[in-house]
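Visitor: need a 3D model of the following:
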Amino acid sequence: MRTLLFIPLLLLVACVGPRVEGIRSRDLEQAALALEQNLRAIAGHDVDAYLSQYLDSPDLIVASADSLRRGYLMFAEARRASTDWPDTLIAGDPTLVWIAPGVVWAAFEYGGVVGADTARGWSERLFVKTQYGWKIAVTGMMERN
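Guide: Now for the predicted structure:
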């Protein structure tokens, strides 16, 4: 009896496995492109392109070492009001991790110069696939000395 149950399960896994791998590969590729666009918007000080990459939702999460904020509107207002863009941005090779279909986490080491100040640390993004393309649902930054 166990053998009779095992064979259909094995066939199901064999058929679904390649499909899942295709979804995983495509999601990782598309999220990598979305991350590149995000970094280009930062380097180019393009606030509209930058904000268009974030999930326009009260559920957007923005985390830093000293705060956790929710919501796109406050995030967008603060970004539009600020002139703090890095004069130089150096982003290391990103690590992308497929979480589930339509969900990819990315992290990268960064270095930036804003005026006379320098900063470096790790930044992370959680990308979700929406009807409008890949959007950042969670963003975080951890500065280090």
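Visitor: the longest strand in this structure is where?
Guide: strand 117-130 (DSSP state E).
Visitor: so what strands line up beside that one?
Guide: Counting by DSSP bridges, the strands paired with strand 117-130 are strand 103-114 (antiparallel), strand 133-144 (antiparallel).
Visitor: residue 48 is nearest to which of the ones you listed?
Guide: Across these, residue 48 has its closest neighbour in strand 133-144 (14.7 Å, Cβ to Cβ). No exception for glycine: its C-beta is placed from N, CA and C like everyone else's.
Visitor: in CSV, could you pull the C-alpha coordinates for the closest one?
Guide: Taking C-alpha atoms only, strand 133-144 is exported to CSV below (Å, rounded to 0.1, in the frame of the first residue of the first chain):
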residue,chain,number,x,y,z
GLY,A,133,6.1,44.6,-11.7
TRP,A,134,8.6,43.9,-8.9
LYS,A,135,8.3,46.2,-5.9
ILE,A,136,10.2,46.6,-2.7
ALA,A,137,8.0,45.7,0.2
VAL,A,138,10.7,45.8,3.0
THR,A,139,13.9,47.8,2.9
GLY,A,140,16.5,47.9,5.6
MET,A,141,19.9,49.4,6.2
MET,A,142,22.5,48.5,8.8
GLU,A,143,25.4,51.0,9.0
ARG,A,144,28.7,49.8,10.4
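Visitor: centre of the chain versus it, how much separation?
Guide: Taking Cα atoms, centre = their mean, to the nearest Å, one finds strand 133-144 lying 5 Å from the centre of the chain it belongs to.
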